[in-house]
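**Q** heads up, no residue letters with this:
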């Protein structure tokens, strides 16, 4: 028992020594020896910055803190703590066997050079030599894969264990980590090395996200054989997590393309050696895509490879945007490529018969054949080369495009063709050479046609800060209007965004071109648009709807201070084709204009432009010169205009084509036009000759306004002003005012309104002349009003006012009639001589007249309106002579008395003669073409005349009854005088019954007592016949004279 206790005490002392002894030794002095052991193990220079400690129980274990691994002086790994547990018995045989090696907080760098060489943090060839490790444990570690010009791939939270049964295996590795926030698990198992040195291995990389698993089963070569063979497979329910992991490896953006999240299966036989990596028997299924083929990727520039894949279906939309691959993604060695797809999904539609055959070397693709059938049946064929050495590929390709329905292809490409007629953009056959980069492309040697248009030329496109588009085209014929539906926006609206955002250069030649309704032949256009500046080097048109046109110039653009100019020349035998093209309802106007010519020049900038315009028309010319302020925004005109024409009638016939005007005299007018667009334009200082007569005045033009959006009527343009003329003969200038079938219509008043004050030294209407005439006219929709008319007529004053009105449509859809009213007054006028003879020789001559009339009427034209007036009036004649009746002779004969008095008076009353009077007044009314006279009163020293009646204007006849009261002795009774019948042949009938009875009584009272009969009186010799009277105008009544002139349009 005592011996046993002694043994226990000795063992306790030894154990205590084993525990306490390592703490008593300064282990840091052995840093160099430990660093050398670690260097033999890793093949790298090792630097220990921390402390060393050793424990002997339960097995010898060395702990080292803050260890760094260097490669060529560069830090390739750092470890916070390294723990080594060695086998003691192996130390007795002077060998080091590490039972376990634990790394905590390791931060390791895996570096890849530009030539592809991978530099590991541990030299792989050093493993298993003088120092053997049975197991390796790592925790809380990191591994960084650094690649040139690509993002660094980092494995975080790296933990795992590597165990080895011996130098020849078996080996087993399990590890967990996260990459790009994706958890990963790696399992690697290798059997014991075979007799020949080959090592069978199995590896599995799994990702819980997406249920992804990648497997490899094969043999690692041994000895001189460096060929790795085995089967590879990949399965994923959701490929998005896998894509998120692989895209950084490929140097792509971390965000996966939309549509990648679909299942994927891949399998094949892998063969890898020093020269290449190949996969045979590829079987790929990704979503609906299915492909078979083979691939061989060279690992050196001297080797060659190939890629052959055949897809039954392919979803290109799921691959992301083209051109995302990095510059060095493709190998530099020669790669033969043959890709085929029966169908492919791209931009939401199906492409068919895709084929790409070519070679890739040094990232240059030589394309032998590339073709595809796009939606719409469009076949595209490519051949040539594409240089992929830069981020943007440079192409040199021969391109052919053939399509039975180009519009369907363009609609698939995203173009909105809703405003293009369905029969357009159908057939297309185009060929050319495409060269450049995606942001700088040119299509040269372009030939072919679209629809019925044959074309050739070149097109270029540059996309920088501002897009540039250039075109050089030769066309046979092109109808651009046929490519727009009726409700499509105007060409200006369609092109506005393009002009705003793009620099354009265009060199165009077209045999026939239709645009905006205009037909052009022989078009030559050379111009450009750059940053808002327009340069027109040449514009020549052989015929633009009949107009020969040439122009050149430059517009410097908005905000520029100078450099803008434009020169334009044009000529045409007639403007009728242009009016037809623009749907202007004025073809006769264009024909009456005849040949026209134009020369124009503009020089200036956005703040001010100088104009010089010369136009030839109607055998004369129009000159316009001056300045336009702010021409690009709100033009403010300051122009001088002169028009010189040999015949004024030619100008008037433009507005009054049926007037038959001729021989009015020359026109030579000068004026100054000023005002801002959209406001009032004023033509001032107007002066010169109009129809050979002096003219001066001012005119103002106010632009109309559209109807308000909330409802209402549009406001038509308005013209107002003041004009002074010499003589103005309206019977010549506007003959339709008095012609029986003449018409002026008032439809124009609905398009234009205005107010005009017109002065004329001599105004003639219906043959009547008024001097110093003043007319204040006003035009409103459907209304023409004479607000005031004054003048001098026959030495007296003349005033008038009235209006015409006309509805848009007449009764039951017929032509609308004219309605009107008139108020007329004449004072102190000398009675014209033509009023001296009226019905049956009755008339008024000499003296003065005062006349007033107010009436209304209706008719199909001005003539029928005036002749159909209804109204009332008064007339007063002073100090005149009544022709056709000698009231003094009648009174004298009554004074003579006698048995033959009645017979003598019946012969005397129709005979004629004259009766002077102080005043003659009458009232009259006009209705239904009948003038009703009443209150007729004539006072004279020879007696008085009263009466009334009617004068029918159609047919021209009278029914008048007068009462004559001669100033004879004895107050004889009145004599009745009736005038009836056609005006020029009316008969006079005298009623002498009362006078005859009165005369008999007077004679009876005067009779003397019977006496011898007196001798018969000597016969009175007959009066000598008077010479024949001078022919006089057709007799007229003084009351209706002026109106009758208006009614008949005489003179």
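**A** Good, I have the coordinates. Because the structure is a prediction, the values reported are computed rather than measured. Residues are numbered from 1 along each chain as shown.
**Q** The host helix or strand of residue 823 pairs with which strands, parallel or anti?
**A** In this structure, residue 823 sits in strand 818-830 according to DSSP states H and E. Here strand 818-830 has these sheet partners by DSSP bridges: strand 796-806 (antiparallel), strand 848-859 (antiparallel).
**Q** Mean confidence (pLDDT) on stretch 162-173, please.
**A** Averaged over stretch 162-173, pLDDT sits at 78.
**Q** Number the residues from 11 up from this point.
**A** New numbering, starting at 11: the last item is stretch 172-183.
**Q** what's the first-to-last distance across that stretch?
**A** 4 Å (C-alpha to C-alpha, to the nearest Å).
**Q** how distant is that stretch from the center of its chain?
**A** 79 Å (C-alpha atoms, centre = their mean, to the nearest Å).
**Q** buried sites along that stretch?
**A** 172, 174, 178, 179, 181, 183 (16 or more other C-beta atoms under 10 Å). To be clear about C-beta, it is placed using only N, CA and C from the backbone, and glycine gets the same treatment.
**Q** on that earlier part again, and the strands paired with strand 828-840 as a markdown table, adding distance to residue 145, mean pLDDT and mean neighbour count?
**A** As requested, those are exported to a markdown table (distance: least, C-beta to C-beta, whole Å; pLDDT from 0 to 100; neighbours: other C-beta atoms under 10 Å):
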| stretch | distance to residue 145 | mean pLDDT | mean neighbour count |
| --- | --- | --- | --- |
| strand 806-816 | 115 | 93 | 18 |
| strand 858-869 | 124 | 92 | 19 |
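**Q** Now those strands in CSV, please, with extra columns for distance to residue 667.
**A** Shown next, in CSV, are those (distance: least, C-beta to C-beta, whole Å):
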stretch, distance to residue 667
strand 806-816, 20
strand 858-869, 22
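**Q** which one of those strands lies closest to residue 305?
**A** With respect to residue 305, and counting by C-beta to C-beta, the nearest of the strands paired with strand 828-840 is strand 806-816 at 89.6 Å.
**Q** so for the strand holding residue 833, what's the average pLDDT?
**A** What strand 828-840 shows for mean pLDDT is 93.
**Q** cool, stretch 567-574 as well?
**A** Averaging pLDDT along stretch 567-574 yields 67.
**Q** Ok, which of the strands paired with strand 828-840 comes nearest residue 433?
**A** Taking the strands paired with strand 828-840 one by one with C-beta to C-beta, strand 806-816 is closest: 45.9 Å.
**Q** what residues are up against residue 934?
**A** Applying C-beta atoms under 8 Å, 6 or more residues apart in numbering to residue 934 gives the contacts 882, 883, 884, 885, 941, 942, 943, 944, 1049.
**Q** got the buried residues for the helix or strand containing the third one?
**A** I take that to be residue 884. Per DSSP H and E: residue 884 is located in strand 880-893. Buried residues in strand 880-893, counted by 16+ other C-beta under 10 Å: 881, 883, 885, 887, 890, 891, 892, 893.
**Q** what is the fourth one paired to in the beta sheet?
**A** Same thing as residue 887. On the basis of DSSP bridges, residue 887 is bridged to residue 859, residue 930.
**Q** Kindly report the same for the second one.
**A** Going by DSSP bridges, residue 883 is paired in beta bridges with residue 863, residue 934.
**Q** my guess is it meets residue 861, correct?
**A** Yes: using C-beta atoms under 8 Å, residue 883 makes contact with residue 861 at a distance of 6.8 Å.
**Q** Spell out which residues make up each domain of the chain.
**A** Domain ranges of the chain: 35-177, 726-817, 836-1014+1045-1058, per automatic domain parsing.
**Q** Out of these, the one nearest residue 389 is which?
**A** Nearest to residue 389 among the domains of the chain is domain 35-177; the distance by C-beta to C-beta comes to 38.7 Å.
**Q** Run the chain-centre distance for that closest one.
**A** With C-alpha atoms, centre = their mean as the basis, domain 35-177 stands 75 Å off its chain's centre.
**Q** Tell me how far the strand holding residue 884 lies from the chain's centre.
**A** Between the centre of strand 880-893 and the centre of its host chain there is 69 Å, according to C-alpha atoms, centre = their mean.
**Q** Mind giving me the packing neighbours of that strand?
**A** Counting contacts by 3 or more C-beta pairs under 8 Å, 6 or more residues apart in numbering; DSSP states H and E, strand 880-893 is packed against strand 853-855, strand 858-869, strand 924-937.
**Q** That's all I had, so thanks and see you.
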